[in-house]
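Asks: how would this look folded up:
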Amino acid sequence: MIPDRVTLVEVGPRDGLQNEGQPVSTAQKVELIHRLQAAGCTEIEATSFVSPKWVPQMADNAAVMAGITRKPGVRWSVLTPNLQGLEGALASRVDEVVVFAAATEAFSRKNINCSIEDSIERFRPVVEAAHAAGVKVRGAISCALGCPYQGAVSADEVERVVLLMKGIGVDHCGVADTIGTGTPRAAQAALERALKHYPLAEVSGHFHDTYGQALANILACLELGIATFDTSIAGLGGCPYAKGATGNVATEDVVFMLHGMGIATGLDLDALVDAAAWISGQLGRPPVARVSRALLARRGVALA
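Replies: Below you'll find the predicted structure:
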């Protein structure tokens, strides 16, 4: 079942940078995106069209999209929580929009102050309007393998949200381990529930590496045939609602593993390491990705 080619959705520019405490300029974001394109990334989640009151780091969303020199063959996605956000996204000529819901009632109420069902219903007009404009909708189920308020999350809870997403017409189902507590068997169980209702090509995994399980979880999902995963350059990111949650699994680490298994990604590992070193330097810290640190050390680059 293990695929011979995997698509990595690069979420560093959005999910990776949105929680940075220090300002990241529009020029820095655009430069990062250009470096990712040059490294071969063909699926890039560039920004989010949300209220700057809630996510000030993404307030320059339209400027970022306008500043990108787009290479042919690259698909652009953005997060859009409501119709106002969708309008901005469509004006920026995106290929895909992303909506999200939690796997647990506790996280949903703490995060957006409503039930899971209510959160999904809020997205119904967004999905309808996106489809009317010819834009694909990707759904993300957060806290699918663990919740900071509830603890363990069952596969039944995940499947409930999968069905709700399917019910409003979401085209693709992403299952996310937001706080990084998931382990391989749990990852398989959650993804198997998504596969009951979505075709293999429309199911993906999104893993954080808080407990060092992300690569193991990806391998477990590869065994199911899953061939799409979200990754973040330099391991950027985190979750403001999950204390101690570290960044998404690093793109460089995943690419090193996949290439070592003979699985194609279309990505240039050295160029990714360069991009990781560059954005980490802009943020004033060394890369957290082990592969970047190892390859930079091999090049003789001193790391703090």
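Asks: mind showing which ranges of the stretch 201-304 of the chain have poor pLDDT?
Replies: Along the stretch 201-304 of the chain, the model assigns pLDDT under 70 to residues 239-245, 304.
Asks: all helices of it, in order?
Replies: Using DSSP state H, counting those that start in this stretch, the helices of the stretch 201-304 of the chain run over 214-222, 251-260, 269-282, 290-298.
Asks: I'd like those helices laid out as a markdown table, including distance to Met65 and mean neighbour count.
Replies: (C-beta placed from N, C-alpha, C; glycine too.) Formatted as a markdown table, those follow (distance: least, CB to CB, whole Å; neighbours: other CB atoms under 10 Å):
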| stretch | distance to Met65 | mean neighbour count |
| --- | --- | --- |
| helix 214-222 | 29 | 22 |
| helix 251-260 | 21 | 22 |
| helix 269-282 | 18 | 21 |
| helix 290-298 | 27 | 18 |
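Asks: Out of those, the one nearest Asp15 is which?
Replies: helix 251-260 (11.8 Å; CB to CB).
Asks: Contacts for that closest one next, please.
Replies: Outside helix 251-260, the residues that touch it by CB atoms under 8 Å, 6 or more residues apart in numbering are 6, 8, 10, 12, 214-215, 218-219, 229, 231-235, 264-265, 267, 269, 272-273, 276, 287, 289-292, 295.
Asks: can I have it written out in PDB, keeping just the CAs?
Replies: What follows is helix 251-260, C-alpha atoms only, in PDB (Å, rounded to 0.1, in the frame of the first residue of the first chain):
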ATOM      1  CA  THR A 251       9.400  19.500   5.700                       C
ATOM      2  CA  GLU A 252      13.100  18.700   5.600                       C
ATOM      3  CA  ASP A 253      12.800  15.800   8.000                       C
ATOM      4  CA  VAL A 254       9.900  14.300   6.100                       C
ATOM      5  CA  VAL A 255      11.600  14.600   2.700                       C
ATOM      6  CA  PHE A 256      14.800  13.000   4.000                       C
ATOM      7  CA  MET A 257      12.700  10.000   5.300                       C
ATOM      8  CA  LEU A 258      10.700   9.700   2.100                       C
ATOM      9  CA  HIS A 259      13.700   9.900  -0.200                       C
ATOM     10  CA  GLY A 260      15.500   7.400   1.900                       C
END
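Asks: Okay then, goodbye and thanks.
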